[in-house]
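Q: no sequence on this one, just coordinates:
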């Protein structure tokens, strides 16, 4: 729980918040040191899912997910399946509510043939990454990160063929593609060096 935003703060209060053992010294509590973290995790949310995609041949069977936001502890999840020579296509977009670095995973699986599928990612209307993945009776995948400002739109597009079953998967998350939190600056009022005062710790948290 964060320290109070006003009133008297003691060294004992700092010790309790940040798990320090007595005797306490103010010099132990610099931001980024062993006790006071300089970063924190914040939950992020996707909104306004838009765009379209080809029919999901395997949804809702095992492994098939229509494009969706804020599920499976991620911001965005899809596993679009095709079969019998059909082409998998998608062009989906959503908005995020916090500035930070977001992680993604893209994959292509195809049965009974060797083909190449392409995933392309955009942030705020600008293309930032593209992955051409070749697979045959196997899964090819790639990972990466996106720098996004609060209110910007993330867009993912792709196309890939099928022979037997095929799937194009996209996961987008926060600090990991399997979570929905990002690392942001924390305890920004607490200096990392120089003079410290107890007033620097208003609102600080472990």
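A: Noted; the coordinates are in hand. Everything quoted here is computed from the prediction, not taken from an experiment. Residues are numbered from 1 along each chain as shown.
Q: what ranges do the helices span in this protein?
A: Counting by DSSP state H, one finds helices in the chain at the ranges 11-18.
Q: Report the central residue of it.
A: With distances taken as CA atoms, centre = their mean, the residue of the chain nearest its centroid is residue 174 (1.6 Å).
Q: That one is in contact with residue 70, isn't it?
A: No: the pair residue 174 / residue 70 is not scored as a contact, 11.8 Å apart, by CB atoms under 8 Å. To be clear about C-beta, it is placed using only N, CA and C from the backbone, and glycine gets the same treatment.
Q: anything in contact with each of those two?
A: residue 180 (CB atoms under 8 Å, 6 or more residues apart in numbering).
Q: ok, now which ones touch residue 191?
A: If you count contacts by CB under 8 Å, 6+ apart, then residue 191 has 30, 31, 200 around it.
Q: and it, backbone torsions?
A: Dihedral angles of residue 191 (phi, psi; degrees, to the nearest 10) stand at phi -60, psi 150.
Q: Could you measure from it over to residue 200?
A: 6 Å (CB to CB, to the nearest Å).
Q: Ok, residue 206 next?
A: 15 Å.
Q: same question, residue 86
A: 61 Å.
Q: Which one's more surrounded, these two?
A: residue 200 (19 against 15; other CB atoms under 10 Å).
Q: Next, the contact list for that one, please.
A: 189, 190, 191.
Q: could you dump the residues you listed to CSV with distance to residue 107?
A: CSV is the format used below for the contacts of residue 200 (distance: CB to CB, whole Å):
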residue, distance to residue 107
189, 43
190, 42
191, 44
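Q: Grab the nearest non-local neighbour of residue 176.
A: residue 103 (5.5 Å; CB to CB, 6 or more residues apart in numbering).
Q: Sorry, wrong one. I was asking about residue 147.
A: Among residues not flanking residue 147 along the chain, residue 101 sits closest, at 5.8 Å (CB to CB, 6+ apart).
Q: Local confidence estimate at the one you found?
A: Residue 101 is assigned 95 on the pLDDT scale.
Q: quick one: it and residue 23, what's the gap?
A: 39 Å.
Q: Likewise for residue 29?
A: For residue 29, the distance to residue 23 - CB to CB - is 13 Å.
Q: repeat for residue 58
A: Distance from residue 58 to residue 23, by CB to CB: 63 Å.
Q: what's the answer for residue 103, then?
A: 42 Å.
Q: who has more neighbours, these two?
A: Set residue 103 next to residue 23 and count neighbours by other CB under 10 Å: residue 103 wins out with 20 against 8.
Q: residues contacting the more buried one?
A: 143, 144, 145, 146, 172, 173, 174, 175, 176, 177.
Q: now the strands for this structure?
A: Counting by DSSP state E, the chain has strands at residues 39-43, 46-53, 65-69, 76-82, 87-96, 100-123, 126-148, 153-161, 166-173, 181-185.
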